[in-house]
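[1] the following comprises the amino acid sequence and a computationally predicted model.
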Amino acid sequence: MNNVKRFFLFTLITASLVAETPQGGSVVVLSHKVGPEINCLENAYYHIFPDLPQLWSAQIVYVNPSYYGVKILYLDSSSRQLQKTVKRLRVSEYEALKQRVDLTPRPSEEDIQKITGTFLLLKQMELFRKIPAGYPVKIFRFQDTPVKGVLNAHEDKGMIISSKNGSVKVPYPIIEKGYWLEYRTRNHGLDKYIYGGALGLGAMSGYLLFRENSRPVRYYKTAVSSVSFLLITELLRQTYLTKIPRKHAFEIIWH
């Protein structure tokens with residue numbers, strides 16, 4: 001009877017060991033703190049694959065007793081597309097990685113906010129909300145066509161932009177980079193110098209060009225030249241103030 005019990009006990013132990021041993025090609029869960037598919041947030045917090053900061057997801061696969069394979073999906077920074085790759089982990093590397101993740105405490109709410117970019121998003125939203133309505137903007141969107149138009153209004157989670165194709169709502173999280181334009185303001189303190197210089201330059205030019213004429217004609221053409229220089233200066237200044245606005249760049253890192 002004792003031999004029968006020993007036989008059944010041996011069978012149960014052997015079966016449990018076989019069940020816990022991963023089969024070739026099967027997905028292995030690195031730790032109870034991460035899922036069978038390691039996502040970008042888990043990778044960013046636990047530093048599982050620090051050489052792949054653009055990692056989107058990863059699966060560790062048991063290959064044989066000597067090493068593990070890792071199937072990786074990552075965001076290529078140049079093409080802005082998701083790409084696939086694989087890498088190999090030795091058993092010692094896998095065990096060290098597993099131990100490090102097991103010993104790392106779970107992320108707090110603040111850690112999650114920092115990893116997901118919530119803090120960065122809130123800071124950038126403050127910058128966006130400083131753009132007054134009516135200003136021209138150009139927004140570059142992740143894996144989408146840019147939006148160019150006039151900012152109509154701010155909402156809780158995005159901006160309303162009026163473009164040639166109608167009004168478009170651009171949510172804040174998909175804004176990656178862009179710029180907004182600010183019309184220049186007139187510095188009235190420079191008026192006397194700019195317009196005084198224009199009148200003087202016009203008068204000097206008129207006098208030199210028409211000095212061979214009679215005095216009344218010369219005076220008349222000199223006055224016309226001064227007024228013409230003044231009008232041209234005003235036209236150039238207005239063009240500079242309204243048609244050549246200042247460009248303010250901003251950028252959001254958000255994937």
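    That came through, no problem. Residues are numbered from 1 along each chain as shown.

[2] what's in contact with the one helix or strand Val63 maps to?
    Using DSSP states H and E, the element containing Val63 is strand 55-64. Strand 55-64 has contacts (C-beta atoms under 8 Å, 6 or more residues apart in numbering) with 22-30, 36-40, 43, 48-49, 52, 68-75, 82, 89, 94. The way it works is simple: take the backbone N, C-alpha and C, and place the C-beta from them, glycine included.

[3] wait, isn't Gly134 in contact with Ala153?
    No. Checked against C-beta atoms under 8 Å, the pair Gly134 and Ala153 is beyond contact range at 10.0 Å.

[4] quick one: the helices in the stretch 151-255 of the chain?
    Remark: helices assigned in the stretch 151-255 of the chain by DSSP state H, counting those that start in this stretch are 191-209, 215-243.

[5] any weak-confidence spans in the stretch 101-250 of the chain?
    The stretch 101-250 of the chain contains residues with pLDDT under 70 at 113-114, 116-126, 141-143, 173-183, 248-250.

[6] wasn't Glu42 part of a strand?
    No. Read with DSSP: H, G, I helix; E, B strand; the rest coil, Glu42 is helix and lies in no strand.

[7] so which of the helices of the stretch 151-255 of the chain is nearest Arg106?
    Of all the helices of the stretch 151-255 of the chain, it is helix 215-243 that lies closest to Arg106, at 55.7 Å by C-beta to C-beta.

[8] helices and strands around that closest one, which ones?
    Helices and strands touching helix 215-243, by 3 or more C-beta pairs under 8 Å, 6 or more residues apart in numbering; DSSP states H and E, are helix 191-209.

[9] could you give the angle of the helix it packs on to helix 215-243?
    Interaxial angle, helix 191-209 versus helix 215-243 (axes from the mean of the first three to the mean of the last three C-alpha atoms, to 10 degrees): 140 degrees.

[10] which members of the contacts of strand 55-64 are positioned in strands?
    Among these, the members falling in strands (DSSP state E) are 27-28, 38-39, 68-75, 82, 89.

[11] which one of those residues is nearest to Phe210?
    Looking across the ones in strands among the contacts of strand 55-64 and measuring by C-beta to C-beta, the closest to Phe210 is Leu75, at 69.6 Å.

[12] please report how far that closest one lies from Thr85.
    Per C-beta to C-beta, to the nearest Å, Leu75 is found 12 Å from Thr85.

[13] show me which of those two is the more surrounded one.
    Relative neighbour count places Leu75 above the other of Leu75 and Thr85, with 17 against 13, counting by other C-beta atoms under 10 Å.

[14] ok, that one touching Gln54?
    Yes. Between Leu75 and Gln54 there is a contact under C-beta under 8 Å: 4.3 Å.

[15] before we move on, back to that, what average pLDDT does the strand holding Val63 get?
    Averaging pLDDT along strand 55-64 yields 88.

[16] on that earlier part again, drop anything exposed from the contacts of strand 55-64.
    With neighbours counted by 16 or more other C-beta atoms under 10 Å, these contain buried members at 22, 28, 30, 38, 40, 43, 48-49, 52, 68-70, 72-75, 89, 94.

[17] any idea how far Ile131 is from Lys33?
    Distance from Ile131 to Lys33, by C-beta to C-beta: 42 Å.
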